[in-house]
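J.: make a model of this:
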Amino acid sequence: MKMPRGGRLFLATSLGSLLVLVLYFQSITRPEAAVKTGGRPGKSSRSPLQSLLDGDELELSAVQRSLRGRRDLLEQACRNHTRKRRVLSPEDLKHLIVDDKHGLIYCYVPKVACTNWKRVLMVLTGDGRYTDPLSIPANEAHVAGRLRTLSEFSTVEINQRLRSYLKFLFVREPFERLVSAYRNKFTRSYNTAFHKRYGTKIIRRHRAEPRPEALAAGADVSFGEFVQYLVDPRTQREEPFNEHWERVHSLCHPCLIRYDVVGKYETLEPDAAAVIRLAGVEDAVQFPASAKSTRTDGDMAARFFKHISPFYQRKLFNLYRMDFTLFNYSTPQYLRTR
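T.: All right, here's what the predicted structure looks like:
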């Protein structure tokens, strides 16, 4: 019996979706043995990364051992704490920047040196206009469209790159990152767009008897009000978190995408230098050295949490617990949850 045209179309669509699913999870669970070092997708050869992945422990430097240990801990944590698999959509891949020239995929996380990493990638992917990352204005590094993201490619092209490119991300202690985001977006007078977009909503919802000028400008949100906004169930029902306070596991999907390198903000300089070497681009670019004034002493979050009640500390920790777990950050000693 001849199948109706609508049935044939449905069957073809279903089979096509299944193929996408199979290809995608092959790219996640079966990375290619040879790691690409540059050139066109699919061209691969042994690289410094392969030594990191397969080399003898005694032959690795302290930084290399640390990077390999983090990757192994992440994989173990994913096995222990995630049960369900899902197919990522193009929206899920918008934070993964692609450098086809050098075979790199970088998942950028706001408040974790992402401005300097974007500058580095603009140098690497550019036409020679920039040779020094610090010559690129910070606002220009964040202009949409300056760097290609994985979401812009076809399914086949995505799978090619996931299998063969060096994939890396940088993370930070979750509450230090959160406090940094609060300070930058809600205590700086120039961030009027954030004040209008989020500050007015936070004040309207979480401040008793707010003044009309506060409701209009949204410029004086307290950290306590920000915390209430984050843990309020209505917040994520209405819209996704802004990328500056979204959890890293929701931005970069480290249990679905097998990252080769997990760098940390706390050891930014040696980790960034190691990535540059693994990518084989140390002759083309150097990661900018950070001014000490831009780095925290590790106690910033403790000072802000001092005035947050145990009830809200517990709710906030539960909200960011997966980032603490996946990236091997200890529960903060200052945290009061009872």
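
J.: tell me where the stretch 1-150 of the chain has helices.
T.: Using DSSP state H, counting those that start in this stretch, the helices of the stretch 1-150 of the chain run over 5-29, 48-54, 62-81, 114-125, 138-141.

J.: for the last one, list every residue counted as buried.
T.: I take that to be helix 138-141. Within helix 138-141, the residues that count as buried by 16 or more other C-beta atoms under 10 Å are A141. Placement of C-beta: from N, CA and C, glycine included.

J.: quick check: next helix or strand after that helix?
T.: Once helix 138-141 ends, the next helix or strand along the chain (criterion: DSSP states H and E) is helix 155-164.

J.: what pairs with the helix or strand following that next one, parallel or antiparallel?
T.: The helix or strand immediately downstream of helix 155-164 is strand 166-171, counting by DSSP H and E. With DSSP bridges as the test, strand 166-171 is paired with strand 104-107 (parallel), strand 261-264 (parallel).

J.: show the average pLDDT along the last one.
T.: On average, the pLDDT along strand 261-264 is 96.

J.: now do the contacts for D271.
T.: Contacts for D271 (C-beta atoms under 8 Å, 6 or more residues apart in numbering) come out as V63, S66, L67, F170, V261, G263, K264.

J.: which of the residues you listed are buried, as a PyMOL select command?
T.: Applying 16+ other C-beta under 10 Å to the contacts of D271, the buried members can be selected in PyMOL as follows:
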select buried, resi 63+66+67+170+261+263+264
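
J.: closest one to F311 out of the contacts of D271, please.
T.: Of all these, F311 sits closest to K264, with 30.1 Å by C-beta to C-beta.

J.: residue contacts, that closest one?
T.: R70, F170, V171, R172, D271, F327.

J.: any chance of CSV for the strands paired with strand 166-171, columns distance to F153?
T.: Listed next are these as CSV, based on distance: least, C-beta to C-beta, whole Å:
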stretch, distance to F153
strand 104-107, 11
strand 261-264, 21
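
J.: follow-up on the earlier one: out of the contacts of K264, which comes closest to K118?
T.: Among those, F170 lies closest to K118 (C-beta to C-beta), at 11.8 Å.

J.: ok, the spatially most central residue of the chain to P254 distance?
T.: By C-alpha atoms, centre = their mean, the chain has its centre lying nearest to V109, at 3.6 Å. Remark: distance between V109 and P254 (C-beta to C-beta, to the nearest Å) = 11 Å.

J.: one more: G263?
T.: The gap separating G263 from P254 is 13 Å, by C-beta to C-beta.

J.: name the residues contacting each of these two.
T.: Residues touching both G263 and P254 (C-beta under 8 Å, 6+ apart) are L169.

J.: V221: how many residues sit nearby?
T.: By other C-beta atoms under 10 Å, 24 other residues sit near V221.

J.: let me fix that: N318
T.: Neighbours of N318 under the rule other C-beta under 10 Å: 11.

J.: pLDDT score for it?
T.: At N318, the pLDDT value in this model is 97.

J.: likewise for S66?
T.: On the pLDDT scale, S66 is placed at 89.

J.: who's in contact with it?
T.: Each residue near S66 by C-beta under 8 Å, 6+ apart is listed here: T267, D271.

J.: now do the one 4 residues further on
T.: Taking C-beta under 8 Å, 6+ apart as the contact definition, R70 lies against V262, K264, F327, N328.

J.: could you measure it against F324, distance?
T.: Separation of R70 from F324 (C-beta to C-beta) stands at 14 Å.

J.: quick one: low-confidence parts of this protein?
T.: The model of the chain has pLDDT under 70 over residues 1-60, 291-298.

J.: report the residue ranges of every domain in it.
T.: 8-173+252-294, 175-244+297-326 (automatic domain parsing).

J.: and the longest one, how far from the chain's centre?
T.: Mean C-alpha position of domain 8-173+252-294 versus that of the full chain (C-alpha atoms, centre = their mean, to the nearest Å) differs by 10 Å.

J.: do the same with stretch 189-202
T.: Stretch 189-202 sits 23 Å away from the centroid of its parent chain (C-alpha atoms, centre = their mean).
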